[in-house]
Every structure is written in C-alpha cells, then in structure tokens.
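Enquirer: Build the 3D model from these lines:
(2 chains)
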Amino acid sequence: MAYLTVRNATKLFGESVYALRDVSISVESGEFFTLLGPSGCGKTTLLRSIAGFHDLTSGDISVNGSDLGRIPPHKRDIGMVFQDYAVFPHLSVFDNVAFGLKPRKVPAHEIKKRVPEALESVHLTALAKRLPAAMSGGQQQRIGLARAMVINPQLLLMDEPLSNLDAKLRIELREEIRDIQRKVGIATIYVTHDQEEALAISDRICVMSEGHVEQIGTPEEIYGDPQTRFVANFVGTINQLKRCPKLEEVLGMLGLSEVDASAKNASWSVRPEALVLSELAQPASGGAVAEFSGTVQKYTYLGREAHLFLNTAFGEIVVHVANPARARKHDQGETVSVRLNRQALFGFDADGARITTGKAPREGTI
Amino acid sequence: MRLPGFWTLVLVFAWTLLFILLFVPLGTVLIASFIDKVGEPTLNNYITFIESARLRRAFVNTLVVGFAGLGGALVLGTIMAFCLTRFQIAGSRFVSMLAILALVSPPFIGAYSWIVLFGAGGVFRTFLREFGINMPTIYGVSGIVIVFSLKFYPFVYLLVSGALSNVNRSLEEAAEGLGLTPWQRTMKITFPLVLPALSAGGLLALIQAIADFGTPRLLGRGFNVLATEAFTLYSAEVGSNPSMATTISVILVLLSMFFVLVQRFFLRRNVYHGNLINKPIKIRLKGWKNLAAHLAVYAIGLAGATPVIISIIFSLRRTSGPVFQSGFALQSYERIIFGLGDVVRNSLTFSASSVILIVIIGTLIGALVARKTTLNTSLLDGALMIPFVMPGIVIGIAYITVFNTGPLVLTGTALIIILSIFIRRLPYTVRTTSSALRQIAPSMEEAAISLGYSPFQAFAKITVPLIVPGIIAGAMLSFITAINELSSSLVLYVGSTMTIPVRIYLLILDGDLGTAAALSSILLILSGAAVYIAFRFLGRNEQALL
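Expert: Numbers count the residues shown, from 1 in each chain, chains lettered A, B, ... in the order given. Here you go, the predicted structure:
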C-alpha cells in the first residue's frame, strides 16, 4: 500500500462549483510528487485538503495507513511551505525554525542542535539571529523550508514555493529543494503551474485540469507520451496540425490513415523539436518519414536553438532547430522542407484522449 | 469556522450596540424633528427652518465657513505637502511636527489663542495701537475661516504628502520626455494622481469645519452657524426649542453625508495602483526660490502651531484674578491643582474608560469584519461609517433626547459621556484593526497550525503580537480625540461630570484666560504624550493620525 493515498476526493465550493471531482492519487514514501496544472485546476485545493485546511466533501485521505479525515490540521504532523513564505516577521530566523519544535516538547538542548543543522542545510547559519523582515524572498523561503523540515514531519507539502522568486533564483532553489528532499528522504507533494519546474524536480507528476486528474506519470512519460490533448498542450509546446488534404497525405505516408479513419474527429499534433529541417536530417534515419514544405515567416535566434515560424498547409507551424550556429540563417519568404517521423505525431480523439497508433509498420511497407 | 458560537455572539453584540447607541438615538432625533410641541406629526420644523431668516443665514454661514475653511486648508496643506516632499527643506521634521501639533490640539484652543492675540484687548492689537495702527479684531467670519484653515490644513498636508511621495518619478519624467512644461506636467500628471488624496483630505476638513462648534461659538460674535444654533436652541434657558434643535441636527447630518457621497461619486474611478520602482527625489532649490519655499512652510507651520505656543506661554504668565500681569508664575497651574482637580480627573477617567471600551469592542468587531466576510459583516462595516458624518453636537442632542427618559436613563451620568465618545471613535478602531488583520496573510496562521499549534494558539502566538502595536497606537489616537472632545460633552455634562474642554470653554467665556491656557497646556501635554507613544509603536507614521 502506498504511503499517502487520496481516494475519490471531491470538493464542492458552494452548490455546484467542483474544485475537485473524484481525484485519486497515491504517493510512495520518499517520493517527490508534483501536482501540475493551470490556476483553478484544483491542485492547491487538493494540497490544502491533505494539510487539513479544507474539508473534503467526500473521499478520504490516509497517510501511512492511518485515516486523516477526523484529525485537525495541527495534529496531522505535516510540514508545509507556502507561496508567500509565511515567515513570522516578529521572530528571529532561529525562533522561526524552532517554532514547530516547541509544541512537540522537544527538549531545549535538542532544539539547540536541530535548528542550526536545519539552518546549515539551507545556508542560513549566518543569519540565525536576524529578523526576517528585510530579507530577500529567496532567504525567506529558505527559512520556510527549514522550518517545515526541522520537525521531521511525516509528509512535506509545498504550495508553489518558488513562484514569487526571480527566474535565476527559482532554478537555484529548486535544485536545493530537490537535493535536500533526496537527502532526508521525505515524501513531498509539490504544487506548481510551471511545467519546466515540474519536469525538473519531480519523481512523478500529476497533471490536473478543472478538478480532475489528466495523467499521472514520470516527467518522461508526461512530456514524451502525453495521454490527453490537455497534457500535450500544457506541458511543453505543441503544433496543432490543421486538417487538410496534405495531412491525409502525410498520415498516409506514415501509415496512419486507418487509425485516423477509425477514430472520430481525430486531431494530430507534433512537438516543435520533433520536426527536422530536411537539409539537416540524417539520411535514412529509419522508420516511416513524411515531408512537407513551408514558407519562413520569422526566424528567431536564441543561441542554443533557433525557432522557425513557418506558413504551411497545416497552418502556422513552429520548428525548433538545435545548435543553430551550424545552420545558416533563414530569411523571411524562403521555402524550406520539413521532415517528421511516425513517433513524432500525437493523435487525439474528439474527447481529447490519445489515440493509440500501434507499432510502427516495418520499413519498406510504404 | 472555529468557535462559530463566539463570533456569532460578537456579531449579535455589535448590532445590539449599534442599535442602542446609534440607530435609536439617531432615529429619535429624526422622528423628533417631525413632531410638534403637542406631539402631532408635522413638517413645521422644516418649514420654520426654511422660513426663518436667522436659520437660513446659519445654513449659508455654515457653508461659507465650511468652504472657505476648506479652501484655506487645501491651499496651505498642498503648499506644505509639495514643498516638503519635493524640495529639500532644512528642519523638515520640525515643520512636520508643527503640523502634528496643530492637528492634535483641540480646535477651540485655536479660537482662544487668536482671541488672546487679536481679540478686542488682544496682545498684538494693543501693541499695534501704540503705533497708531488700528487693526480689525479677529471676531466674525474672517477669524473663523483663519482658524479653520490653520487647524484643518494638516489633514490635507498629511494625505497629499503621502500621495506625492508615492508618485512614481518615471511618470513625471515620461511626461517631460513627451514635451510637457513643468507646469503642464504638474497639472496633467501629478495633480490627477494626488487628487484622491487631496479630496479625501479636503473632505475631512470640510466635515470637521461644518461640525465644529467651539470656534464659531467663541469667535463668531453674532455670526451663527448650524452647530451653534442647534446648541442655543437646545440649551437656552429661555425660548429653547428642542424639536427645532433636532431638525438642525438632521440637516447637519444630511449635509455631511451629502459631501461624503459627492466625494465618493467623483472619485469612484480614480484609484491608482502605481509601482514605486522610481521614488521621487527632493530637489535642492537655489536662491530666492529656496528662500520662498522655506518661508512658506515655516510660516504655515508656525501659524498653525501658534495656538499651542500661545497657550503654553500664557499658562505661565503671572495673573491677578483673570487679568494678566507682567512676568511669569505658576499661579494658573496652582489654581487647577487646588480647584479643578476633579475636572482633570474626569477627563482622564472618561477618556481612559472609553478608550478601553473602544479597544476591546473595536478589536473584536474589527477581527469579525476582517476574518468573516459575509453580507452581514459587510453591512456592519457600512453601518459603522455613520458616526464619521455625525457632528458631536448631534450625538449630544440625540443622547440627551433618548437617555433622558424611557428604559435607559443616563442623563447626568459619566456613562453617557463615555458612551458618546465611544460610539464616535469606535469606527476608527474597527477600521485599523480590520485593515491590520487583512495585511497579515492567512498563511501566517496556517503555517503555525501546520507546525502543531491549535488555531487558538496560532492566533495568540502569531496574529496578536503582529497587531498589538497597531492596536496600542490606535488606542492612543482615540485617547487624543476623547480627551479633546468638546461639543457632545457640552450638551451632556452636569456639574459633576465636567471635562477639561468644557471647563476651558466656560473659562474663555468668563474671560479667565490664564486658567484656560493652563488647562489647554495640560490637554496638549496629554495629547503629545499619546502621539509619542503611538509613534513609538507604529514608527513615525503621521498619516495614522487621521
């Protein structure tokens, strides 16, 4: 049995607003589990229900085999890190971190040992005596992290802890959070709307939308094998291919005509980095390959990659070119030819669910 | 919802309190204004009001001194705010302190000091007469307007200087970059941005000017306004007309309400949320401009603080009976110690009691309004706006009308004075508490709860320490208002419940200016101490004084 289980969680606000609708997740001990989704998808509601700040309308939550339903939030022994840090401004950094040890009746000599250790792990030893008011967001969130970890809770919850920080600090601190969590080995539930952050930090990701779970999986599964159109759109960028005779032709070339015909109102899309300019493609890469052409609208050079915005039969398509320094610049109006293979195409049915494309046909069947 | 029973009780208690202390008295005044002497419903009071030349004049006079005082306050306050926020002024903290002195001194002390200087036997006038210059006395409309302008400019100054120092400098630089002259820039960019603050300060000045009783009473000399008419009609031993007094009260409340609504209406869309990336800087002026700016702020500051300075100097002058002699002595203070100890004690007890009530009940209601936002609590918040527009004289008349007979007889007690101060100041504490609570993110308490503290412990350990400084500062400001309150106490006092302001008022009417000065100085010292304590807890936050 999993360490944390949420079963059929449903939360109604008012009469008819479903914040959560029949959500079930299970988190293993020591796992870093991320709830990812746009604002209003229910991820924060789920987190706060686990913390005990919301009561579920129905469903149940259990940690380590014991049901949390009737336990008030202050007895749940769950550490929480907040988006707005929630650092107590009238207490010193040391007292902030020691705050949770007092109701646990931790003896004074042990407080004097554990708090400095926690401060050490978040690199705040030098600031222990200071008041947090004038500190930077990054420092305040480190206090929040140390404060939640020092009590050795049975579960750590983080509610968008990095979203108020600037980009560089966000990356730095997320690596630290990940390292500390690994070292301590505490099961962690992390809420974010930042897909890159979720991919970087998680063991597993649960993508949510409108109060329900879209897909649960490892970062690789979520990005590389999205099970719904929502997941494909929300995590990473995607080119939606407009239905046109050229699409039929491409599907035919890739051996997907039958699959397309058997699904009702199928739609097809492809990630920008899965498209390759024919001039750069390795010859005979194996598997079924299709080719189409487009006119360059715009060429954006970003250093490690370049983005080509093309006008094609499928509408506007973006192609990401890796290592563009070796490629020449593409001017507006120029016609280029683009290749894609069978694995690159994601098909979704009318309900947004992924269409199984089956195994690729053997080479030479085209 | 933790302890739903408790907060429901608070809600019920708050409404009951408002009902007894606000709605019933106000309703009674309103009804009384529609009833004639034999108890029949009538419109006659209002018809008399319109037909009486004297009352029509009082109405016009109220508007005249109200708007002239407002104009003066706007001009002085804006000049002061602009110079102190945009130019380097030597001793700017001192000037700012002068403005605070003017703000916390009771308005009638202003009237008193100008009488001492420019009255019939005024020091300055007598001095000028020796050179053959016969200057007019301060009495009448011009005197009232001068006193109002100098007394109420701090409202405008404090609000506008706050707004001016929050105007992002980039906005003004952008305007300059687009080719506007400094004058155009000020009128088209800066002025609209500070307009909300300017009008809010102006509104405070206008409402206070309309409601003020002491100044026109002491300086008017036949120049009547609505507040003085209401008082005369109520308290005159011969020819008193209580129902007419209630009619005037209703008109006074409607007038204040009208101005509040007008200000709200015109500013309904003007809310600006700027960022403060580029803070305004203070320019160092050179030559005559620098001199002019310094002259302006020091002149305004010193003129506004003149009453304070005068009353302290005159309290120390040697007297013989009510007549000043040359030299200094502590006689006036001796007279207070030996003859007026009970008045000082009354003031201290009444103010302290009402402040304690205000703090306890105001904090509870403030917490309720901030934490449990429902239609009911929003209505409560709205109802608490009413005392803002209630002139003291109206509360006085309303209380004596309601609590004279009937189930609750309070006339002549200390409680009636305490309650009248309590209801007028309660809204301020509710506001400061609820806004302080709203600034504490709910996550702060949740963090404590997740760390193992019960909701009540979290409130006590986290929220309370964070709002206590604000509550203490608010209590001090309520204390200043309470101890300086004249107009409602004047209607409600009896011999044994006389307060310092009432005594000062009577002393000035009697011409005993020395003792009045000494009592005023005591008031000022008490108010000053309260300001000092408030600043200790809040930091030097001058706008909190409003």
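
Enquirer: For the residue of the stretch 401-546 of chain B found nearest chain A, which non-adjacent residue is closest in space?
Expert: For the stretch 401-546 of chain B, the residue closest to chain A is residue B:451, as judged by Cβ to the nearest Cβ, at 3.2 Å. For every residue, glycine as well, the C-beta is placed using N, CA and C. Leaving aside its sequence neighbours, residue B:451 sits nearest to residue A:100 (Cβ to Cβ, 6 or more residues apart in numbering or on different chains; 3.2 Å).

Enquirer: pLDDT value on that neighbour, please?
Expert: On pLDDT, residue A:100 comes in at 93.

Enquirer: Name the residues of the stretch 101-250 of chain B found near chain A, please.
Expert: Taking Cβ under 8 Å from any Cβ of the partner chain as the criterion, chain A has no neighbours within the stretch 101-250 of chain B.

Enquirer: tell me the SS of residue B:533?
Expert: Under DSSP: H, G, I helix; E, B strand; the rest coil, residue B:533 falls in the helix class.

Enquirer: Next, count neighbours for it.
Expert: 16 (other Cβ atoms under 10 Å in any protein chain shown).

Enquirer: my guess is it meets residue B:477, correct?
Expert: No: using Cβ atoms under 8 Å, residue B:533 is not in contact with residue B:477, being 9.9 Å away.

Enquirer: Near the residue of the stretch 401-546 of chain B closest to chain A, how many residues? Count them for me, please.
Expert: Look at residue B:451: counted by other Cβ under 10 Å, it has 25 neighbours.

Enquirer: Surely it is in contact with residue A:98?
Expert: No: look at residue B:451 against residue A:98 with Cβ under 8 Å: they stay out of range, at 10.1 Å.

Enquirer: List the residues that contact the residue of the stretch 401-546 of chain B closest to chain A.
Expert: Residues in contact with residue B:451 (Cβ atoms under 8 Å, 6 or more residues apart in numbering or on different chains) are A:74, A:79, A:99, A:100, A:103, A:147, A:148, A:151.

Enquirer: For residue B:528, state which of the residues you listed is nearest.
Expert: Set against residue B:528, the nearest of the contacts of residue B:451 by Cβ to Cβ is residue A:99 (39.0 Å).

Enquirer: So for the closest residue to that closest one other than its chain neighbours, what's the pLDDT?
Expert: In this structure, residue A:99 finds its nearest non-sequential neighbour in residue B:451, 5.7 Å apart by Cβ to Cβ, 6+ apart. Residue B:451 is assigned a pLDDT of 93 by the prediction.

Enquirer: Residue B:168 now?
Expert: Residue B:168 is given a pLDDT of 77.

Enquirer: Residue B:12 now?
Expert: The model reports residue B:12 with a pLDDT of 89.

Enquirer: next one: the one 5 residues further on
Expert: Predicted confidence (pLDDT) for residue B:17: 91.

Enquirer: Likewise for residue B:540?
Expert: 58.

Enquirer: got a list of what residue A:25 touches?
Expert: Here residue A:25 is in contact with A:4, A:5, A:6, A:33, A:46, A:206, A:213, A:216 (Cβ under 8 Å, 6+ apart).

Enquirer: Flag every residue of the stretch 51-200 of chain A that's near chain B.
Expert: With Cβ under 8 Å from any Cβ as the criterion, the stretch 51-200 of chain A comes near chain B at residues A:51-53, A:72-80, A:82-84, A:86, A:88-90, A:99-100, A:103-104, A:144, A:147-148, A:151, A:157.

Enquirer: Show the buried residues in these.
Expert: A:51-53, A:73-74, A:76-80, A:82-84, A:86, A:88, A:99-100, A:103, A:144, A:147-148, A:151, A:157 (16 or more other Cβ atoms under 10 Å in any protein chain shown).

Enquirer: hang on, isn't residue A:212 packed against residue A:21?
Expert: Yes: look at residue A:212 against residue A:21 with Cβ under 8 Å: they come within range, at 5.1 Å.

Enquirer: what's the overlap in contacts for those two?
Expert: Common neighbours of residue A:212 and residue A:21, counting by Cβ under 8 Å, 6+ apart, are residue A:42.

Enquirer: Which single residue of the stretch 1-150 of chain A ends up nearest chain B?
Expert: Proximity to chain B, evaluated over the stretch 1-150 of chain A using Cβ to the nearest Cβ, is greatest for residue A:100 at 3.2 Å.

Enquirer: Would you confirm that that residue contacts residue A:146?
Expert: No: the pair residue A:100 and residue A:146 fails to qualify as a contact (Cβ under 8 Å) at a distance of 10.2 Å.

Enquirer: Now the residue of chain B most remote from its centre. Nearest residue, chain neighbours left out?
Expert: Of all residues in chain B, residue B:452 has its C-alpha farthest from the mean position, at 45.3 Å, by Cα atoms, centre = their mean. Of all residues not flanking residue B:452 in the chain, residue A:103 sits nearest, at 3.9 Å (Cβ to Cβ, 6+ apart).

Enquirer: for the one you found, helix, strand, or coil?
Expert: Residue A:103 ends up coil, using three-state DSSP.
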